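Asks: Attaching a predicted model along with its sequence, questions to come.
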Amino acid sequence: MNDLPPLRRLLKTAPGRCDGAVILDYDARLVRRKRLQTAEGRGFLLDLAEVTNLDDWWGFELEDGTTLEIVPADEALVEVKGDLARLAWHIGNRHTPCQIEETRLLIRHDHVIEAMLAQLGARLRKVTGPFTPEGGAYGHGRTMGHDHGPADSHAHAHHAH
């Protein structure tokens, strides 16, 4: 077995050296306990106290001092162009994760959202790349879709258009 020792701690910034990378898509970067694998094929155990958004971290330091960078994997995405402020508002109103760039928005494939955006005049194009959407309202965390659960204290209505 060519395994590495388990995680010692998450790293906020790049250390003096990088011993490898762990390439994870958007869904896989939200994790609590999982066996992960480096790009070179070596495995290690990630066991965190709570579900953690790895987008908030640079990488991992393992018990033997090995450091591994977290790299977002390429994913199938939809590029959105047009009136970006208006389109971003509609995407956000549906609690859909969205990567905001100066000249475009990026979302993951969702035929319902894509149909809505097309109806609003958006120009859509399938692209591939890393997906690193905006964090939550305070700059961290995740946009978790519409079922907020019992902790959801904000009240709003969504209207079909």
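Replies: Sure, I can see it. Numbers count the residues shown, from 1 in each chain.

Asks: Tell me where this protein has strands.
Replies: In the chain, strands defined by DSSP state E lie at 7-11, 20-24, 30-37, 43-53, 59-62, 67-72, 74-81, 99-100, 105-108, 123-130, listed in chain order.

Asks: okay, now residue 35: neighbour count?
Replies: Other residues lying near residue 35 total 11 when counted by other C-beta atoms under 10 Å. Glycine gets a C-beta too; all of them are placed from N, C-alpha and C.

Asks: And residue 129, by the same measure?
Replies: With other C-beta under 10 Å as criterion, residue 129 counts 14.

Asks: Now do the same contact list for it.
Replies: 74-75, 77, 106 (C-beta atoms under 8 Å, 6 or more residues apart in numbering).

Asks: quick one: contacts for the spatially most central residue of the chain?
Replies: Centroid-nearest residue in the chain, with C-alpha atoms, centre = their mean: residue 26, separated by 3.7 Å. Residues near residue 26 by C-beta under 8 Å, 6+ apart: 72, 75, 97, 108, 131-133.

Asks: top of the residues you listed by neighbour count?
Replies: Ranking those using other C-beta under 10 Å puts residue 131 first, with 22 neighbours.

Asks: What pLDDT is listed against the nearest residue to residue 66 once chain neighbours are set aside?
Replies: In space, and not counting its chain neighbours, residue 66 is closest to residue 19: 4.8 Å by C-beta to C-beta, 6 or more residues apart in numbering. pLDDT recorded at residue 19 is 95.

Asks: Report the rounded mean pLDDT for stretch 30-38.
Replies: The average pLDDT within stretch 30-38 is 94.

Asks: which parts of that stretch are buried?
Replies: Buried residues in stretch 30-38, counted by 16 or more other C-beta atoms under 10 Å: 31, 36, 38.

Asks: Please convert those residues to TSV, extending it with distance to residue 87.
Replies: As requested, the buried residues of stretch 30-38 are exported to TSV (distance: C-beta to C-beta, whole Å):
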residue	distance to residue 87
31	30
36	35
38	38
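
Asks: which one of those residues is nearest residue 46?
Replies: residue 36 (5.2 Å; C-beta to C-beta).

Asks: any idea how far that closest one is from residue 8?
Replies: 14 Å (C-beta to C-beta, to the nearest Å).

Asks: And this structure, what are its domain boundaries?
Replies: Here the domain parsing of the chain from automatic domain parsing is 7-72, 74-161.

Asks: Of the ones you listed, flag the one that's most buried.
Replies: With neighbours taken as mean count of other C-beta atoms under 10 Å, the domains of the chain reach their highest mean count in domain 7-72, at a mean of 15.
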